[in-house]
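Peer 1: Provided below are the primary sequence and the corresponding predicted coordinates.
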Amino acid sequence: KKRLLLELKGKENVTLDGKKINLYANIGGVADVANALSNDAGGIGLFRSEFLYLESEDYPTEEAQFAAYKTVAENMAGKKVIIRTLDIGADKQVDYFHMEKEENPAMGYRAIRICLDRPEIFKTQLRAIYRASYYGTISIMFPMIISVKEVKRIKEIVAEVKAELTAEGIPFKDCELGIMIETPAAVMISDLLAEEVDFFSIGTNDLTQYTLAIDRQNPKLDSFYDSHHEAILRMLQMVVDNGHKHGCWVGICGELGADTTLTSTFLKMGFDELSVSPAMILRVREEIRNTKVEE
Ligand code: PEP
Ligand code: MG
């Protein structure tokens, strides 16, 4: 089996009837890039940047972040690298943020909410990302979005950061901007959100948690945590359709993207990209190459 998968290296992610899809890797840091490349990742579909914060004793500086993002961009040699901005809170706590204890952390002060509440932290990260953009092909993705208002505010902050860099004479490229679709609210207004951004990436881990009202951290509920629930499948289709209608490409970066029992379903739904852990890339490629979309 292993040898057979290795034979898929260098092959296209194309169905029997010629439909292509991008197959990218999820990574947590610079150290995972080699693994992504050796497994033939076409890009990085989710760089969980919070690991830089989790591994640090204090707020990571702009320089430290710049160095990490630049290294990833350079090592990917022009292939797309989608950096997700800070997604802490809930299951990912960082001491130096001194966050108050919450009754419902999964529904609490986390991810983009922290970034919009503390723009100095957000801006430091965005500056580092834009500076690194010069050295490869970087896209930026924002987690836990629930409203158009948030996206508009993010875009204002992004514009401020770019203006600052320009004024300082620091080179950068224009980055594609996207959001994670991981709340039911984002699904339901995906037509409106699509007008504001370039792409959607569906975070099925959180989307399943919030849609089914099931704590993804509670093992007691494992048998109820059904990511194949019809509600989830309908949401996926809705997001693809709304995204495409309004000019966004649409992918999946949650665990479900690597579920090979659904690969042909995803292709039929019209997804443009799947981002999976490096170890799953060739396995998903095999599934894609055995699928016929029009049957
Ligand atoms: C998700 O929620 O599906 C996702 C990809 O993000 P994380 O697992 O990091 O919350
Ligand atoms: Mg998530």
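Peer 2: That came through fine. Ligands and ions are numbered 1, 2, ... in the order given.
Peer 1: Can you give me every residue that contacts residue 245?
Peer 2: 191, 194 (C-beta atoms under 8 Å, 6 or more residues apart in numbering). The way it works is simple: take the backbone N, C-alpha and C, and place the C-beta from them, glycine included.
Peer 1: nope, residue 205 is what I was after
Peer 2: So residue 205 contacts 182, 216, 254, 255, 256 (C-beta under 8 Å, 6+ apart).
Peer 1: where's the first one relative to residue 76, distance?
Peer 2: For residue 182, the distance to residue 76 (C-beta to C-beta, to the nearest Å) stands at 24 Å.
Peer 1: Name the residue in the two with the higher neighbour count.
Peer 2: residue 182 (27 against 24; other C-beta atoms under 10 Å).
Peer 1: Distance-wise, check that one relative to residue 254.
Peer 2: 7 Å.
Peer 1: Quickly list what's touching both of the two.
Peer 2: Here residue 182 and residue 254 have 202, 203, 204, 205, 206, 207 as joint contacts, going by C-beta under 8 Å, 6+ apart.
Peer 1: so which of these also contact ligand 2?
Peer 2: 203, 206 (C-beta under 5 Å from the ion).
Peer 1: Name the SS class of residue 139, please.
Peer 2: State at residue 139, reduced to three classes by DSSP: H, G, I helix; E, B strand; the rest coil: strand.
Peer 1: Please tell me how far the closest residue to it other than its chain neighbours sits from ligand 1.
Peer 2: Excluding its sequence neighbours, the residue lying closest to residue 139 (C-beta to C-beta, 6 or more residues apart in numbering) is residue 176, at 4.0 Å. Residue 176 sits 18 Å away from ligand 1, going by C-beta to the nearest ligand atom, to the nearest Å.
Peer 1: likewise residue 27?
Peer 2: Distance of residue 27 to ligand 1, given as C-beta to the nearest ligand atom: 12 Å.
Peer 1: Just list the residues touching that residue, thanks.
Peer 2: Counting by C-beta under 8 Å, 6+ apart, residue 27 has contacts 33, 35, 36, 44, 46, 47, 48, 72, 278.
Peer 1: What are the phi and psi values at the fourth one?
Peer 2: Here the main-chain torsion angles of residue 44 (degrees, to the nearest 10) amount to phi -110, psi 120.
Peer 1: Show me where this protein dips below the pLDDT cut-off.
Peer 2: 1-3, 295 (pLDDT under 70).
Peer 1: As TSV, the contacts of residue 27 with secondary structure, neighbour count and distance to residue 194 would be great.
Peer 2: Output for the contacts of residue 27, formatted as TSV (DSSP: H, G, I helix; E, B strand; the rest coil; neighbours: other C-beta atoms under 10 Å; distance: C-beta to C-beta, whole Å):
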residue	secondary structure	neighbour count	distance to residue 194
33	helix	22	30
35	helix	15	32
36	helix	27	28
44	strand	31	22
46	strand	28	19
47	strand	32	23
48	strand	19	24
72	helix	24	27
278	helix	21	29
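Peer 1: Before I go, just wanted to say thanks for your time.
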